[in-house]
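Chemist: Sequence below, structure please.
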Amino acid sequence: MKKNKFLQALILAASLSITLLASSSAIGQEAGWPTKPIRFVVGYAAGGSTDVMARLIAPKISEELKQTVIVENKAGGNSNIGAQMVASALPDGYTLYLFTIANTINASLYANMGYDPVRSFEPVGLIAKIPNLLVVNPALPIKTLSDYIKYAKESKDGITFASSGSGSSIHLSGEMFKMKTGLNMLHVPYRGSAPAVTDLLAGQVQSMFDNTPSAMPHVKSGKLRPVAITSKTRSPLLPDVPTVSESGFPGFEVQSWFGLSAPAGTSKSIVDRLNSALNKALADPTVRHRLEELVATPAPGTPEAMRSFVVQEVDGWRQVVKVSGAKVE
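Modeler: The predicted model follows:
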């Protein structure tokens, strides 16, 4: 009996030693973090607004952390492929995700996304919020929202509107407008905003409620014509473009947003360092100026504030998806 108790004591002591060593090692790793490049995963193709946001803040975070931050595009499933990859990654701070409004909308569209938008991630902080912009190919006789409605009603085929994917805020902006007007609007989904805009420029599709960052360069060059903006008020950069709300549809508002997140289980010390680096990036004058050019509003804050916001968005978009009848195609 004494021998058995002695062996049990030895095993317990060994187990405690291993646990303490592992804990000390983890603490040491966190204290030295980051010691290698960080992957920053974007769930959409390069060139779209989500990609633009990632590539805007990545260099500044890299400067602050004194480590390379590599933006990696993993398009597909309306960002679900990239999100799932990050959700299943090691929570060591070396794999991050550009969290978007789409991830909260997807929760109501997909039976099984392979991740939970709330439980599978550690929020780091919001980056920015942006409105969508209804743009059309300038070859069309459309300059105002009234023109848009008239064209859709008089065309036997209605009007087509592209999106970055089924269930995206770009898609649901169109669906919400379709609900309010009863227009014959055919949704044409793409794997990201960039390929959708490419076909819009080529005349393969006729319109799009695009995020402002990807639409603005083409609006400035005259290759796309702005019709209305989905924000509550007009943008100082587009003072002549009316809001959808003031154009006869009061209360119509859609704001896309972007945030930074890490896999669930990432230590608080790493999340806090990332949050500090992110907020410093958003305070940088060059970053703020670029965000203004994209009609984006910086949204610095805490991880806790982002978590609460994500929960609210999941609940809010669930109602919109249900009423609109939007489905994954």
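Chemist: Which residue ranges of the stretch 101-250 of the chain form strands?
Modeler: Using DSSP state E, counting those that start in this stretch, the strands of the stretch 101-250 of the chain run over 121-136, 159-163, 185-189, 207-211, 225-229.
Chemist: which one of these is the most hemmed in?
Modeler: Using mean count of other CB atoms under 10 Å, the stretch among the strands of the stretch 101-250 of the chain with the largest mean neighbour count is strand 207-211, at a mean of 30. All C-beta spots, glycine's among them, are computed from the backbone N, C-alpha and C.
Chemist: got the angle between it and strand 159-163?
Modeler: On the basis of axes from the mean of the first three to the mean of the last three CA atoms, to 10 degrees, strand 207-211 is oriented at 30 degrees to strand 159-163.
Chemist: Not counting strand 207-211 itself, show me its contacts.
Modeler: 48-50, 130, 132-137, 140, 142, 148, 159-164, 169-170, 173-174, 177, 193, 196-197, 200, 215, 227, 230, 254, 256 (CB atoms under 8 Å, 6 or more residues apart in numbering).
Chemist: do stretch 320-329 as well
Modeler: Residues outside stretch 320-329 that contact it (CB under 8 Å, 6+ apart) are 78, 105, 108-110, 166-167, 171-172, 175-176, 179, 187, 189.
Chemist: for that stretch, what is the average pLDDT?
Modeler: Taken as a whole, stretch 320-329 has a mean pLDDT of 75.
Chemist: Mind exporting the C-alpha coordinates of it to CSV?
Modeler: In CSV, the C-alpha atoms belonging to stretch 320-329 read as follows (Å, rounded to 0.1, in the frame of the first residue of the first chain):
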residue,chain,number,x,y,z
VAL,A,320,-33.4,40.9,-42.5
VAL,A,321,-32.5,37.6,-44.1
LYS,A,322,-35.9,36.1,-43.0
VAL,A,323,-38.0,39.0,-44.3
SER,A,324,-36.0,39.3,-47.5
GLY,A,325,-36.1,35.6,-48.3
ALA,A,326,-32.4,35.7,-49.3
LYS,A,327,-30.9,32.3,-49.9
VAL,A,328,-27.5,30.9,-50.6
GLU,A,329,-27.2,30.0,-54.3
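Chemist: Save the contacts of stretch 320-329 as TSV, and put in pLDDT too.
Modeler: Shown next, in TSV, are the contacts of stretch 320-329 (pLDDT from 0 to 100):
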residue	pLDDT
78	82
105	93
108	92
109	90
110	90
166	78
167	78
171	89
172	89
175	89
176	88
179	87
187	93
189	91
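Chemist: filter those to the buried ones?
Modeler: With burial judged by 16 or more other CB atoms under 10 Å, the buried subset of the contacts of stretch 320-329 is 78, 105, 108-109, 166-167, 171-172, 175-176, 179, 187, 189.
Chemist: ok, so of those residues, who is nearest residue 98?
Modeler: Nearest to residue 98 out of these is residue 78 (CB to CB; 13.6 Å).
Chemist: Kindly state the pLDDT recorded for the spatially closest residue to that closest one that is not a sequence neighbour?
Modeler: Leaving aside its sequence neighbours, residue 78 sits nearest to residue 165 (CB to CB, 6 or more residues apart in numbering; 3.8 Å). Note on residue 165: pLDDT of 80.
Chemist: Tell me which residue lies nearest the centroid of this protein.
Modeler: Taking CA atoms, centre = their mean, the centroid of the chain lies closest to residue 100, which sits 2.1 Å from it.
Chemist: mind checking which helix or strand residue 51 is in?
Modeler: Element membership for residue 51 (DSSP states H and E) is helix 49-65.
Chemist: Tell me what angle that helix forms with strand 207-211.
Modeler: Going by the same axes, to 10 degrees, helix 49-65 makes 10 degrees with strand 207-211.
Chemist: Tell me which of the strands of the stretch 101-250 of the chain sits nearest to residue 288.
Modeler: Nearest of the strands of the stretch 101-250 of the chain (CB to CB): strand 121-136, 9.8 Å.
Chemist: All the helices of the chain, residue numbers only.
Modeler: 2-32, 49-65, 80-87, 101-109, 145-154, 169-181, 193-202, 212-221, 268-283, 285-293, 303-324 (DSSP state H).
Chemist: and the direction of the second one versus that of helix 80-87, what angle?
Modeler: Our comparison of helix 49-65 with helix 80-87, counting by the same axes, to 10 degrees, yields an angle of 20 degrees.
Chemist: Noted, bye for now.
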